[in-house]
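In: Okay, structure incoming, though there's no sequence with it:
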């Protein structure tokens, strides 16, 4: 059940919120837990066993947390707890990728190319996100940064809270602990949350879904049959789609949390205004970046070691970041690409770009869509074809390119591309902030909401892109 569905907006959410506000404080977290399980059950209706996997994750991590806190061998229990969480992620997300590569190696060595049969398991919704939240909780208990949660209902509410369950942000228990125990529910919070939710829905439905059609159309034509300008237009369109899709979801999650009195962490800070890739990844999917920093990069030694070790630590982080996003070689190559760029920046390029910011913006105008191209195209053969098309400005690489293709796509998506370019900067937010709580701001949000409802009603909606990760 997506946030941008009629079923969620007009059935689930009103019923959930009415009961939530009518219940006494001591029952609210239990209702969040129960309501979130219902939300997940509807979302995973084709695979009801996955709801059992989620419940099992709550039970196991709750018990491990208490055991780690009381044990005289907490490191052993922490290792088992982390292994348990990663096991399910590997089974559902990476098993077939591993089998495929074992079969490939076996065939190349003269053996049976079908040594291991794929399991073809459907990825449980949100498993990448609630797995990382579980691991962070166990590590924080082990480090004595937090005390283990003693209330099963409170822990269940934290881990399964539906605003952040399926696509994050990756909220840590230590950041939500106080609000799980004490939080203020007020009309002001509800109103602010509703406004954030409406804006997020506008980003998703009115921008991400519409500009996403550009890259989809290009895929349908075939990468071999597009000109270089259209190839660049396609990856810019994908870059905008991915941003407004995930940013829109994150805003909706923050808004839903605010309605209930929770402060769900912000996940984006205008990343497309960055002047280096290093800065970009401090502004994009911020909760994932901070997770890898605190639980991988710093434990490996961070930047406190020798230069070779620092670069090794960066390599480990970016390989894991790529692999976290998907089981495919393109994701590993994407992670390596980011590592190389950030390593070069660390060696001195970042200082130049930070000092000459217009040059930095041009640099990122080239690198951002190029990096998302590697991310978007999972077939390695097609990825190479697209790369060839990007730099074939002479038009010599294909005999099937339609000469007027750029004019055609520019006519279809040019205005929307300009709107997306403007909306991904901080300027609209600053301008809207001046009227946000005035009548004009309310009117704009009212129009955005009902425009979204129109598109949803006529069936023009796409799944959130990060559902697949």
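Out: Nice, I can see it. It should be emphasised that the depicted structure is a prediction, and the values quoted were computed from it without experimental measurement.

In: give the contact list for residue 428.
Out: By C-beta atoms under 8 Å, 6 or more residues apart in numbering, the contact set of residue 428 is residue 422. C-beta coordinates here come from the backbone N, C-alpha and C atoms, glycine included.

In: in which helix or strand would I find it?
Out: Under the criterion of DSSP states H and E, residue 428 resides in helix 427-435.

In: Please identify the buried residues of the following helix or strand past that helix?
Out: Later in the chain than helix 427-435, the nearest helix or strand by DSSP H and E is helix 439-457. Residues 444-445, 448-449, 452-453, 456 are the ones in helix 439-457 that count as buried (16 or more other C-beta atoms under 10 Å).

In: one step back: what's the angle from the helix holding residue 428 to helix 439-457?
Out: On the basis of axes from the mean of the first three to the mean of the last three C-alpha atoms, to 10 degrees, helix 427-435 is oriented at 130 degrees to helix 439-457.

In: Sort out which one of the buried residues of helix 439-457 lies nearest residue 46 for me.
Out: Ranked by distance to residue 46 (C-beta to C-beta), these are led by residue 456 at 21.3 Å.

In: Would you confirm that the closest one contacts residue 206?
Out: No: taking contacts as C-beta atoms under 8 Å, residue 456 lies outside contact range of residue 206: 10.8 Å.

In: for this structure, which helix is longest?
Out: Longest helix of the chain, by residue count under DSSP state H: helix 228-259.

In: average pLDDT across that one?
Out: The average pLDDT within helix 228-259 is 95.

In: C-terminal to that helix, what's the next element?
Out: Next along the chain after helix 228-259, taking DSSP H and E as the criterion, comes helix 277-283.

In: Lowest-confidence entry in the buried residues of helix 439-457?
Out: For the buried residues of helix 439-457, the pLDDT minimum is residue 456, 88.

In: excluding its backbone neighbours, what's nearest that one?
Out: In this structure, residue 456 finds its nearest non-sequential neighbour in residue 6, 5.8 Å apart by C-beta to C-beta, 6 or more residues apart in numbering.

In: what's the burial count for residue 321?
Out: 21 (other C-beta atoms under 10 Å).

In: ditto for residue 183
Out: Using other C-beta under 10 Å, residue 183 is surrounded by 18 other residues.

In: if I pick it, what's in contact with it?
Out: Per C-beta under 8 Å, 6+ apart, neighbours of residue 183: 260-262.

In: now do 10 Å
Out: 25, 28-29, 176, 189, 257, 260-263 (C-beta atoms under 10 Å, 6 or more residues apart in numbering).

In: Tell me the one among these nearest to residue 318.
Out: Nearest member of the contacts of residue 183 to residue 318, counting by C-beta to C-beta, is residue 176, at 27.8 Å.

In: Tell me the predicted confidence for the closest one.
Out: 94.

In: In the strand or helix carrying it, which residues are buried?
Out: In the assignment (DSSP H and E), residue 176 maps to helix 173-181. Residues of helix 173-181 classed as buried by neighbour count (16+ other C-beta under 10 Å): 173, 176-177, 179-180.

In: neighbouring contacts of that helix?
Out: Here helix 173-181 has contacts from 25, 28-29, 32, 61, 65, 133-134, 136-138, 140-141, 143, 145-149, 151, 153-155, 157-159, 161, 164, 183, 257, 260-265, 287, using C-beta under 10 Å, 6+ apart.

In: low-scoring stretches of the stretch 351-469 of the chain, by residue?
Out: Where the stretch 351-469 of the chain drops to pLDDT under 70, the residues are 394-403, 465-469.

In: hey, where'd the helices end up in it?
Out: 357-376, 380-390, 405-423, 427-435, 439-457 (DSSP state H, counting those that start in this stretch).

In: now these in CSV, with distance to residue 247?
Out: CSV is the format used below for these (distance: least, C-beta to C-beta, whole Å):
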stretch, distance to residue 247
helix 357-376, 14
helix 380-390, 25
helix 405-423, 10
helix 427-435, 11
helix 439-457, 15
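
In: re the thing from before, kindly calculate the angle that the longest helix of the chain makes with helix 405-423.
Out: Going by the same axes, to 10 degrees, helix 228-259 makes 30 degrees with helix 405-423.

In: helices or strands next to helix 228-259 in the packing?
Out: helix 13-22, helix 162-165, helix 187-202, helix 209-221, helix 357-376, helix 380-390, helix 405-423 (3 or more C-beta pairs under 10 Å, 6 or more residues apart in numbering; DSSP states H and E).

In: Packing partners of whatever helix or strand comes next after the first one?
Out: Heading C-terminal from helix 13-22, the first helix or strand you meet, by DSSP H and E, is helix 25-43. Judged by 3+ C-beta pairs under 10 Å, 6+ apart, the packing partners of helix 25-43 are helix 13-22, helix 49-70, helix 152-160, helix 162-165, helix 173-181.

In: can you redo the ones you listed as CSV with distance to residue 36?
Out: Below are these laid out as CSV (distance: least, C-beta to C-beta, whole Å):
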stretch, distance to residue 36
helix 13-22, 9
helix 49-70, 9
helix 152-160, 4
helix 162-165, 4
helix 173-181, 13
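
In: that older thread, deepest-packed of the helices and strands packed on helix 228-259, please.
Out: Most buried of the helices and strands packed on helix 228-259, by mean neighbour count (mean count of other C-beta atoms under 10 Å): helix 162-165, with a mean of 26.

In: coming back round to it: just among the contacts of residue 183, which is most surrounded?
Out: For the contacts of residue 183, counting by other C-beta under 10 Å, the largest number of neighbours falls to residue 257: 26 neighbours.

In: pretty sure that one is touching residue 267, no?
Out: No: at 11.9 Å, residue 257 and residue 267 do not qualify as touching, with contact defined as C-beta atoms under 10 Å.

In: what is in contact with those two at once?
Out: 164, 169, 171.

In: Surely the first one touches residue 157?
Out: Translated: residue 164. No: taking contacts as C-beta under 10 Å, residue 164 lies outside contact range of residue 157: 11.3 Å.

In: burial measure for residue 113, as a count.
Out: Neighbours of residue 113 under the rule other C-beta under 10 Å: 11.

In: and the gap between it and residue 119?
Out: Counting by C-beta to C-beta, to the nearest Å, the separation of residue 113 from residue 119 is 17 Å.

In: and if you look at residue 309?
Out: With C-beta to C-beta as the criterion, residue 309 and residue 119 are 38 Å apart.

In: Run the angle between the helix holding residue 176 and helix 25-43 for me.
Out: Using the same axes, to 10 degrees: helix 173-181 against helix 25-43 is 120 degrees.
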